[in-house]
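Asker: sequence first, then the predicted structure, then my questions.
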Amino acid sequence: MTTPAYPLIATLPDIPVTLYAGQGYTITVPVLGASGTGVDPAGLDGVRAQIRTRYDDELMLHEWSHLLGNASIVGTPGGTDAAVVLTVTGAETALWQTVWPRLEALWDLEVVGSDDEPHRLCAASTFTLLPEITRAPVEA
């Protein structure tokens, strides 16, 4: 007798991002529990997100982290409105177009709970940088 197979797949949303090089951005993503409802920010200790050309690439194109000061968790303690806020400056995005090997990459985002376990907020999603054509001249 054969036991039927049941696939176990955690359903995570795609969060595709498209930004213009040379502009600063604030990206806000709500933190939702397994039931799809908001969570209490008091149970979250950290946040991190990374951009890479491929999921298995050692080269990290950009990183956000609460430790770096460019990512934070916001919300009302005791509430259900936790969100992650990622910030990047226009100077950073302008530099990306000159140093990234390609302008389309992948990213994902996770929070770390008080249990020290990472909890992914999205599946590996596309991150596209639209190049800046008109920009300030380079000083000689």
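Answerer: Yep, it's here.

Asker: so which strand or helix has L95?
Answerer: Counting by DSSP states H and E, the element that carries L95 is helix 90-99.

Asker: and the average pLDDT for the helix or strand that comes right after that helix is what?
Answerer: Counting by DSSP H and E, the next helix or strand C-terminal to helix 90-99 is strand 104-113. Average pLDDT, strand 104-113: 97.

Asker: partners of strand 104-113, with directions?
Answerer: In the sheet containing strand 104-113, its partner strands are strand 44-52 (antiparallel), strand 118-120 (antiparallel), strand 125-130 (antiparallel), by DSSP bridges.

Asker: for the ones you listed, which one ends up most surrounded?
Answerer: strand 44-52 (a mean of 19; mean count of other C-beta atoms under 10 Å). C-beta here means a position set from N, CA and C on the backbone, and glycine is covered the same way.

Asker: any idea how far that one is from the chain center?
Answerer: 6 Å (C-alpha atoms, centre = their mean, to the nearest Å).

Asker: also stretch 104-120?
Answerer: 8 Å.

Asker: before we move on, what about stretch 63-83?
Answerer: Remark: stretch 63-83 is offset 12 Å from the chain centroid, using C-alpha atoms, centre = their mean.

Asker: for that stretch, give me every contacting residue.
Answerer: With contact meaning C-beta atoms under 8 Å, 6 or more residues apart in numbering, stretch 63-83 is reached by 28-31, 37-42, 44, 46-51, 84-88, 109, 111.
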